Structure formats: C-alpha cells, structure tokens
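>>> Quick one, what's the 3D model for this:
(one chain, ligands or ions: 2)
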Amino acid sequence: MKITDAKVFVGGPGKNYVTLKIMTDQGVYGLGDATLNNRETLPAAYLQDYLIPNLIGMDPRNSEDIWQFFYRGAYFRRGPIAMAAFGAIDIALWDIKGKLANMPLYQLFGGKSREGAMVYAHATGADLEDLMDSIAHYVSLGYKAVRVQCGIPGMPTASYAVPETKGQGKHYVSDFSGIRPKVEVWDSARYMRYMPGALMEIRDRFGPDLHILHDVHHRLTPREAAQFAKAVEPANLFWLEDPTPAEDQNALKLLRQHSTVPIAIGEVFNSVYDCNRLIEQELIDYIRIAVTYGGGITPVKRIVDLAGLHNVRTGFHGAPSHSPLCMAAQAHLNAWAPNFGIQEYLVLGTPACDAMFPSDHKMENGMVYVSDAPGLGVDFDETEAARYSYAPGSHPIVRLEDGTMWNY
Ligand SMILES: O=C(O)[C@@H](O)[C@H](O)[C@H](O)CO
Ligand SMILES: [Mg+2]
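Ligands and ions are numbered 1, 2, ... in the order given. This next block holds a predicted model:
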C-alpha cells in the first residue's frame, strides 16, 4: 500500500484551518489538522515544501516509522511549526488505519472507558454580573463545567478573553484579526485583589456542583501565583490554568507548597519533553497539550500514558483554533483514556463548521459522544473549503501600565 499524493488546504469559517488530506493507491484517504493558531501558513509550507514530497510512496500503515522519520529526520527537533505539521500527518495516518480496520479510532486505542466525555465552555463577562449571565446561559444549555473570566474593576483595558461591552457572553471568542496585535494593559495587583472574591461569589451563586475553571493565562510571577492559588481555595475550583508561564517549571514547586488547588498547564507545549518534568514531579493535575501541537496521536498518547502513572489527568486544549479533525482525534483519546479529565470545547456544531467537516460526533448536555464511524469519523468537503481563504491574525500582546512587555 502506498501514499500517492497529499494536499494542504488553508481556510475555514472564521478560522484559518490547515487541513491535510493524504491519498492512497487503495482509494482510502486520511485527514489531519496542522492549524497553528495565528501562524497557519508556516506548518502548511513545511508540509508542502518538505514533508509531502517525502510522504509520497511511503506505506501509510507504518505511522510509527513515518513519525520517527520526520521527527528525527528534521535534525532540529521539536518546535510548534514542525510538530503541528507532523501532527497533521500522524492524525491522517491514524484516520487511514481506522478506515482500513473498519473501526473507530477509540477501538484501536483499547475501546471505550466511558460513553460521554465531559467538556467545559467559556463563560465571559465585561464585569462580574455580565459573567454571571454568561455562566447561567451555559448552565441552561446543560454544561456541567464552565471556565469563567471577567473584567476587573479599574483594569486599564479589557483583560484576557473578556469583551469590552456587556451582553456578549454567549459564544464570545476573542478577536485575533489583523497582522498587528491588539494591546492589552494589565495590572496583576488589581487582578489578585479582585478575582478570588469574584470566584467565591460565582461559587455561592451556582452552588457546589458546577465545575468552575479559571485561566490566569501565564500572567503571575511564581510568588504571586502561590499567593493567588492559596486565595482561591475556598471557591473549590475544578482547575486553575496557566498560573505562570511554564518555561520556569520550578515555579510550580512554590505554588504546590502553598495550595492544593488543581493546576492545568500545557496548551503551548509541543513535546513530551515540555511535559515530563511537570508530570513526573506531580506539579500539575491536568495536562493540556493538544494533539495537533503535540505532533499527533502517536506522541500524545504516550504523554497520556505517562500522565496516568502520576495521577495526572487529561484536559486537552480545545480553543476555536483547533479544527474538528484535531477535536475528533482528542474525542477518541477522551473516550479511551483511563485518566481522562475534561475537554475544552468551542468548535464542533456550528453550521458552517459542520458543512466543511461533516461528522456524527455529538455534543449533548455538556458531554461529547464520539462517532462510531471508521477512523476519525470526520469528513472534509473541499467545495465548502474553497469558499474560504487565508486571513492573517495575531494574538494580542500585553504591557504593564508603565509599558513593560508582559505575557499574553
Ligand atoms: O485556554 C484557552 O483556550 C486559551 O488560553 C487560548 O488557548 C489562548 O488564549 C490562545 O488562543
Ligand atoms: Mg488557556
């Protein structure tokens, strides 16, 4: 069996999805996602210029050897551009494997450990009352878990993931459009004074059963993060995400000495070597690496297994930048993983997205139910895809009030 050709498409409804389609001499094809948020043309070029010419002629069933060929063969290892490109190939080869076996991917991993996998939605508000309305909206849709972010009184600009005006808390997504980043101005002191009380008010309003998550988005120093984690303990969070930038992994030791709040980290990681110390030293509770950014199903499943040895559970990244192909790969891992935790969920189910990526994956009452179709269980409509073209975007940047660059 041989790979005969592969094509890359860039574009999608409101997002520059990078979709890889691998064709074979037996008519079976595989689909993969290489969407690197706001840098989408780079993995696409890597695929087109270097990887696809080598893929042609390979046996698509040898997904392990093909992964090693590209990873080792790059010489300069790791990095988000390369890993997203390898990730698309690996996802597509697993899709082909599932179709050849006539089985959904979760069966190839070891079968289902659960019927539905719990997901969390993003609730957001210009201020706390606005956020309460947004949370109530998601609770009314049946979500059992909600990430909560709100504007901070006195903050110089709208802060991370928060709309500038009230009433946008239903499906609000940060606007990343344009090649030049928007600028946010941030004040950690105001945030640290306000947010613990706000989280407690949310807990009091919605009761003990709602799973409440909060994303600090890498903005605190290690000492501040330890203080903040201790302060939010009474709100009984499901998790506190990215309290510090994860380059300094020792930072988590200080936090662990002062708080038992569950910690989730890893959405910007791209290899097991970003994750292994945090997992082995049990400095985190949830690992957030995404299948696309982590180089595909093959390496990410190994990370899930390593995490399982250390009581670390999965909490895969699921921001709107991930196409339904990455989300489907994660849905199959979520159905199987003995150490499944939760899944971030914002994408599947919009009519435009469903038209481009038809599937039988279902979202009901805050749970994802994986499709039983062979492979990933997602198709790709090239006519729909042709309606969209690439539009450059950029993550905002953050400065402190005196102009110092900070972490978005
Ligand atoms: O947890 C999340 O979904 C966010 O941190 C996003 O991944 C980030 O803002 C980049 O888009
Ligand atoms: Mg995050």
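>>> Neighbours of the nearest residue to Ala229 once chain neighbours are set aside, how many?
Spatial nearest neighbour of Ala229, chain neighbours left out: Ser259 (3.6 Å); criterion: Cβ to Cβ, 6 or more residues apart in numbering. Placement of C-beta: from N, CA and C, glycine included. Using other Cβ atoms under 10 Å, Ser259 has 20 other residues around it.
>>> Is Ser259 in contact with Ala235, as I believe?
No. Assessed by Cβ atoms under 8 Å, Ser259 is found out of contact with Ala235, at 11.9 Å.
>>> Would you mind listing the residues in contact with the residue nearest to Ala229?
226, 229-230, 233 (Cβ atoms under 8 Å, 6 or more residues apart in numbering).
>>> I'd like the distance from it to Thr314, if you could.
Per Cβ to Cβ, to the nearest Å, Ser259 is found 22 Å from Thr314.
>>> Look up how far ligand 1 lies from the residue nearest to Ala229.
20 Å (Cβ to the nearest ligand atom, to the nearest Å).
>>> again, but for Gln343
On the measure of Cβ to the nearest ligand atom, Gln343 and ligand 1 end up 11 Å apart.
>>> Could I get the phi/psi values of the residue lying closest to that residue once chain neighbours are set aside?
Once flanking residues are discounted, Gln343 sits nearest to Val119: 4.6 Å by Cβ to Cβ, 6+ apart. When read as degrees, to the nearest 10, the backbone of Val119 gives phi -120, psi 160.
>>> contacting residues for the closest residue in space to Asp372 that isn't next to it in sequence?
With sequence-adjacent residues excluded and distances taken as Cβ to Cβ, 6+ apart, Asp372 is closest to Pro104, at 5.2 Å. By Cβ under 8 Å, 6+ apart, Pro104 lies in contact with 98, 332, 370-375, 377.
>>> Where is the longest helix in this protein?
helix 80-101 (DSSP state H).
>>> And the helix or strand just after it, what does it pack against?
For helix 80-101, the following helix or strand on the C-terminal side (DSSP states H and E) is helix 105-109. Counting contacts by 3 or more Cβ pairs under 8 Å, 6 or more residues apart in numbering; DSSP states H and E, the secondary-structure elements packed against helix 105-109 are helix 80-101, helix 324-336.
>>> The helix or strand hosting Ala123 versus helix 324-336: what angle between them?
Using DSSP H and E, Ala123 maps to strand 116-125. Here strand 116-125 points in a direction 130 degrees away from that of helix 324-336 (axes from the mean of the first three to the mean of the last three Cα atoms, to 10 degrees).
>>> Does strand 116-125 reach ligand 1?
No. Figure legend: strand 116-125 not in contact with ligand 1 (Cβ under 6 Å from any ligand atom); closest approach 7.2 Å.
>>> who touches the residue of the stretch 251-400 of the chain found nearest ligand 1 in this structure?
Residue nearest to ligand 1 within the stretch 251-400 of the chain (Cβ to the nearest ligand atom): Ala319, separated by 3.7 Å. By Cβ under 8 Å, 6+ apart, the contact list for Ala319 reads 37, 267, 344, 346.
>>> switch to 6 Å and redo it
By Cβ atoms under 6 Å, 6 or more residues apart in numbering, the contact list for Ala319 is empty.
>>> State the distance from it to ligand 2.
When Cβ to the ion, to the nearest Å is the yardstick, Ala319 and ligand 2 sit 7 Å from each other.
>>> mind checking the SS state of that residue?
coil (DSSP: H, G, I helix; E, B strand; the rest coil).
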